[in-house]
Each structure stands twice: as C-alpha cells, then as structure tokens.
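J.: below: sequence and its predicted model.
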Amino acid sequence: MNASYSKKVLWLILIVSLLKLIAASMIELGNDEVYYWTYALQPDWNHFDHPPMVGWLIRLTSFNLFWVSELSLRLGSILCAGLSTWFIFKTGKLLSNEKAGWYAALLYNCSVYTGIIAGLFILPDSPQMPFWTGSLYIMAHLFIRNDEQKLSTWLVLGGMIGLATLSKVHGLYLWAGFGLFLLLTRIKWLLNWRLYAGVFVTVICILPIVYWNVINDFITYRYHSERVTHTKIEWDMLGREIIGEVLYQNPVIFILVLIAVFALLRNRIRFNRKKASVWLLCMSFPMIFLFWGISLFNPTLPHWSGPAYIPLFIIGGLYLEKKSTQLFPAFIKVAGSLILFVLVAGIALSNWSPVNFGSHAKENYGEYGPTLDLSGWRDFSKNFAALVKKDRAAGTMQAQSPILIDKWFPGGHLEFYTSRLSGNPVIAVGKLEDVHKFAWLNKDRKTLQLGQDAYAIVPSNLPMDVHESFGVYFSKIEKPVVFAQIRSGGIVRYFYVYRLKNCIRVPNPILPPLKKPAYF
C-alpha cells in the first residue's frame, strides 16, 4: 500500500507537469514574468525588487538564453512545483502516513498559488517553493527522528533556508517559525551549537544580497520599506487581503483547511507524531497574521503570505486521511475541477475572446482588462518589426532607433517580445522607482544621442502622455501609427507607435549608486 502511494504521487507529478507544459506554451508571458526575464538578461547578486534566484533559474532552463520561449522560461517553475509536491508528500508521510501525504500533495497542486502562480508562471516564488517545502521536510525530520545531534542535518537545513531567501527574502521566516516552535517545545535545542551552525550557513547564502545592497545603498530595503510603512488603519485593505488569500489558495481548499484546523484544535484529528501540530501552526499562522497586520496599514498582495498556507495543506491531508476512504475525495474533485476550469478559461479568454473586459473609453481602451497581459504581444511585435524595416528602407527613422520606456511595465513585454524581434534596444527614461531593473540595464546600453531618433510604444490599456514624458528631449513627435489587437473579430486593445524625431536633449542617466562587474 505504501509503495502504491509513492507511485501515485510520481504519476501525479508527471501528469500535472505535462498539462502545465501544454498550458505554458499556449499563453504569452505576463507583466511580472517578462520583467523577471531581465534578471536573466543581466544577472547580478541581487536586483532592485528581489534576490537573484529566479534569474538564475531562467538561465538554467533556457540553457544560458540559448532556448528562449514562454515554455523555456516557465519550465523551471513546473520542475520546481513537481519537486515541491514530492517534499510535501514525504513530510505528510513522516508526520502521519503516506495516505495523508498523498492528500497533502493533491492539495498543494489544487491551490491556485502553489499550483499555478508559483507552479506554472515564472516568479521569484517559483524557485523558492522546493527550498521552502524541503526546509519543512528537514525540520520535521529533525524533531521526529531526534536528529538534533547530527550536524549535517542542520547544515542542510541552513542551506535550504538560505536558498529560499535567495529566492525571496521572506524565506527567513522559516527560521523564525522554527525558532518559535523550539521555544515552545524544545527550548534546550536553543543551546545546541549545531543550530547556530545551520543559521551561519544561511547567513553565508544571503551574503550576496547583503553585498549588493551595501554597494547600492540598501535600495532594495528602502524600496520595500516604503511599501509597508504607512500608519493609517485601512480596514478595507485587510478585507481585500483576506479575500485575495481565499481566492489565491482556491476557495474550496481554503474552506477545507479551515475545517481541518478547527478539527485539529478540538482534538478530533491528531498526528501520530508528538508536537507535529504545534510545529505546523508555528510555521503558518504567525506569517499569515503578520501580513494581515501589514495589510491594515499598507496595500499588500495575497501571494506574499502564500507559503504560510503550505503547512496547512499537511493538516488538510491529515483531515482527509481520517475522514475519507476515496483516492480523490469530494473536496479534491471540486477543488481540482475549479482550478482546471480557471486555467482552461484563462487560456481561452486570453487567446480567443473577442470581448474587451476592461475600459471601453478611448483614452484607456482595455485598461483593467485581466487577459491583455497574456496575449497580443507576439502579433504586435511582428507588426512593429515590419514597420521598423519599412521606416529604415524609407529613411524615415534611423537604424537602431531605441524604444523608450518610462515604466517597467510594459517595458518587460517590449524587452522580451518587441526588442528581441526588431533589434531595437530598450532604454529607460524616468524615475528609478518606475523603471526598476531597467535602470541597471541602461548601464550596459548605449545612451540616447543628440540627433538620434527613437520610438515610443503605448498600449491603450497602459495609457501615458508621450509628449509629457519624452517631448522635452525631441524636436518633433509624429502622430502615432495605430495597430489593433484583434481576437476572434473583436478589437480588445490598440498599440500606438510614436516616432520621436531628432533628440535635442539627452535625458539624465538613472544612476544606481554603484554596479559590480557582470560575472556571466
């Protein structure tokens, strides 16, 4: 029976991965995904928004940028999700049995956050997931097997947490949650020098982040601190955060987890291993409550607390193990059907829906439309490349006229789709807090020159005033060439291509304090 559940998990990983590979090749990259492409384009020890792991992962799965496509970028996310599924299964088995681990693995894949957001799309969360789930497995091994005297186990744990932090800095919560557990249940372990050896390994792992921030005036932390330092209580933001977490975790999974936690607290279900429930709650609820507290004062995003729900999947797996005899209980069937429907519907609407789901006003046609991030850029980029070729042949525009941007979105799409096809480099002009990583990319590119022409591209769903942003730098801005994005006969967005003629003033450089030499 045990072997059969192991095989079932392997089949689950294989089948889900194949489905994701198909989905990954059917939709274009979203705003965040194309932005993280720049992390691979210009690797560094850290970046303006996040640590470097996601860029390294893209470098790996694209074979050092040799194979560049939606599939190659997302491949790492899919592989990481499969590995994370295995860690969840092994942790559930360690705490209870393989059946509970099987159910926990199913819950992991039915969650929108772990199954799709971090498990299909390529985000910093994607490489973090196997290190996060692997850390949970090693922690469980430590206190269940009483391996606190094994230095190697602590060192591996420290390495795992360090790599999780190299993906996103809140990976450090793994030590905080585990420390709380030790304080409550195994306080003597806090005197174990091996624990601090593990912490030291984590510190070694995150030295690149610290080093980069030291030479860049701690810009990452100044940027993120500005996002979470408001003081006025906003109850509606807390409500949005909680609703967002319900949706991101899959409403069915969220309800199941709530039921399971209440059953655990009322002793209706129990783990075979002593203190396992305390550990799981320590690894979950403090982080959830932390982000709820932040959301009272600051805008937050629901995926920030996403990893905190992973331990709760294990509690949900235990609940299903006690209550169900089916391989796929009703909760799983409904949750799996819902996430499959969302995925299929998202692909279909993004690629073929003739409906503009956003604004219908002329000045911002398509704005707030949820499907436009994932479609239209391939076709537009072909049209733009043809226009550039025609302009060069007619002498209308100079060769290698750059594409100017003033924000990282749609800068990421223009970098990944448009610039790579047409050959026109992307140059950022604007504020550092608006252009983010593009300020560093500017350092490796030729600056705008006096007398040079340039293009500005404005998608109608991301309106901007080209004259206000770039007019001071050019003697003339011509009326835009307009391309319509058409899906199944319906216009869902317009792309406005402006020709900026004769640079008369060079924009001030967006200077990061320092930049270390590239190591790739």
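T.: Perfect, I can see it now.
J.: could you use CA atoms for every contact and neighbour count after this?
T.: Fine.
J.: give me the number of residues near the residue nearest to residue 378 when sequence neighbours are not counted?
T.: Once flanking residues are discounted, residue 378 sits nearest to residue 417: 6.3 Å by Cα to Cα, 6 or more residues apart in numbering. For residue 417, the count of nearby residues is 20 (other Cα atoms under 10 Å).
J.: contacting residues for residue 417?
T.: By Cα atoms under 8 Å, 6 or more residues apart in numbering, residue 417 lies in contact with 377-378, 381.
J.: and the pLDDT at the residue nearest to residue 295 when sequence neighbours are not counted?
T.: Leaving out its chain neighbours, the residue that sits closest to residue 295 by Cα to Cα, 6+ apart is residue 238, at 5.0 Å. The score at residue 238 is 93. That number is its pLDDT.
J.: OK, contacts around residue 238?
T.: Neighbouring residues of residue 238 by Cα under 8 Å, 6+ apart: 292-293, 295-296.
J.: if you set the cut-off to 10 Å instead, what comes out?
T.: Going by Cα atoms under 10 Å, 6 or more residues apart in numbering, residue 238 touches 244, 291-300.
J.: would it count as being in a helix?
T.: Yes. Per DSSP: H, G, I helix; E, B strand; the rest coil, residue 238 lies within a helix segment.
J.: can you put the contacts of residue 238 in CSV and add pLDDT, distance to residue 354 and neighbour count?
T.: CSV is the format used below for the contacts of residue 238 (pLDDT from 0 to 100; distance: Cα to Cα, whole Å; neighbours: other Cα atoms under 10 Å):
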residue, pLDDT, distance to residue 354, neighbour count
244, 96, 27, 17
291, 95, 38, 20
292, 95, 38, 20
293, 93, 41, 13
294, 91, 39, 20
295, 92, 36, 25
296, 91, 39, 21
297, 88, 39, 20
298, 86, 36, 21
299, 87, 33, 17
300, 89, 32, 20
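J.: how about the secondary structure of the residue positioned nearest the centre of the chain?
T.: Centroid-nearest residue in the chain, with Cα atoms, centre = their mean: residue 123, separated by 2.6 Å. Three-state call for residue 123 (three-state DSSP): coil.
J.: in the contacts of residue 238, find the pair that's most separated.
T.: 244 and 297 (16.3 Å; Cα to Cα).
J.: export the contacts of residue 238 to TSV and tack on secondary structure and distance to residue 407?
T.: Shown next, in TSV, are these (DSSP: H, G, I helix; E, B strand; the rest coil; distance: Cα to Cα, whole Å):
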residue	secondary structure	distance to residue 407
244	helix	26
291	helix	27
292	helix	29
293	helix	30
294	helix	26
295	helix	25
296	coil	28
297	coil	26
298	coil	22
299	coil	20
300	coil	20
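J.: secondary structure of residue 457: a strand, I assume?
T.: Yes. Applying three-state DSSP, one finds residue 457 inside a strand.
J.: could you list every residue that touches it?
T.: Contacts of residue 457 (Cα under 10 Å, 6+ apart): 384, 403-405, 410-411, 414, 464, 466, 480-482, 495-499.
J.: and what of residue 127?
T.: Applying Cα under 10 Å, 6+ apart to residue 127 gives the contacts 53-58, 76-81, 84, 118-119, 163-164, 166-168.
J.: what does residue 135 give?
T.: Taking Cα under 10 Å, 6+ apart, we find residue 135 in contact with 87, 129, 141, 156-164, 171, 174-175.
J.: the stretch 51-200 of the chain: helices as residue ranges?
T.: 53-61, 70-95, 98-110, 112, 125-144, 151-165, 173-185, 193-215 (DSSP state H, counting those that start in this stretch).
J.: tell me which of these sits most buried.
T.: Greatest average neighbour count among the helices of the stretch 51-200 of the chain goes to helix 112 (a mean of 30), per mean count of other Cα atoms under 10 Å.
J.: which elements pack onto that one?
T.: Under the contact criterion of 3 or more Cα pairs under 10 Å, 6 or more residues apart in numbering; DSSP states H and E, helix 112 touches helix 235-249, helix 330-352.
J.: now do the first one: distance to the chain's middle.
T.: Right, the one you point to is helix 235-249. Chain-centre distance of helix 235-249: 18 Å, with Cα atoms, centre = their mean, to the nearest Å.
J.: when you give positions from now on, start the count at 318
T.: Will do, 318 is the new start, and the previous item becomes helix 552-566.
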